[in-house]
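K.L.:
sequence first, predicted coordinates after that:
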Amino acid sequence: MVVDANALLVRRLYEASHSRDMETLASLIAEDAVWHVPGSTLISGEHRGRSAIFEYFRRMGELTGGSFHAELIDALASHTQAVAVATATGKRAGKAYDGSYLLPMRIEEGRIVDVRLFNDDSDAFDSFWS
């Protein structure tokens, strides 16, 4: 069933991210995918293409000295969409971040093609990443 496959795709995304399995991440994210990050911070913007998305991931790790960690709470899915319900923590420049977020994803042919980040506290997110 497609719904189950899309929820599994989200789980695999987080597992591959935790283990830094770039090959699996590449298989899950379309070459021309777009990852939208709100705000006007050091990581905000429309990251277009898999290589730009991977650079965004790398930059988060770099800016936090490797302390950034995202934890999947649940994955909800339909035939063409999935949503990650997750938390994120990290430390940077004397600041700590601990927040929740939703990550809606559009999925086509078994790959993520569009992602939009929605934070529970945009002020805390902006303060941490600015």
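P.N.:
In hand now; what should we look at?

K.L.:
for the nearest residue to Gly45 once chain neighbours are set aside, grab the count of nearby residues.
P.N.:
Spatially, and ignoring its direct neighbours in sequence, Gly45 is nearest to Val37 (6.0 Å; CB to CB, 6 or more residues apart in numbering). Quick note: C-beta positions are derived from backbone N, CA and C, even for glycine. If you count neighbours by other CB atoms under 10 Å, Val37 ends up with 18.

K.L.:
and for Leu8?
P.N.:
13.

K.L.:
quick check, central residue of this protein?
P.N.:
Leu103 (6.7 Å; CA atoms, centre = their mean).

K.L.:
got a list of what it touches?
P.N.:
83-84, 86, 115-118 (CB atoms under 8 Å, 6 or more residues apart in numbering).

K.L.:
which among the residues you listed count as buried?
P.N.:
83-84, 86, 115-117 (16 or more other CB atoms under 10 Å).

K.L.:
quick check: which element contains Tyr87?
P.N.:
Careful, residue 87 is Thr; it's not Tyr. strand 81-92 (DSSP states H and E).

K.L.:
revised request: answer the last question for Val3.
P.N.:
Counting by DSSP H and E, Val3 is part of helix 2-19.
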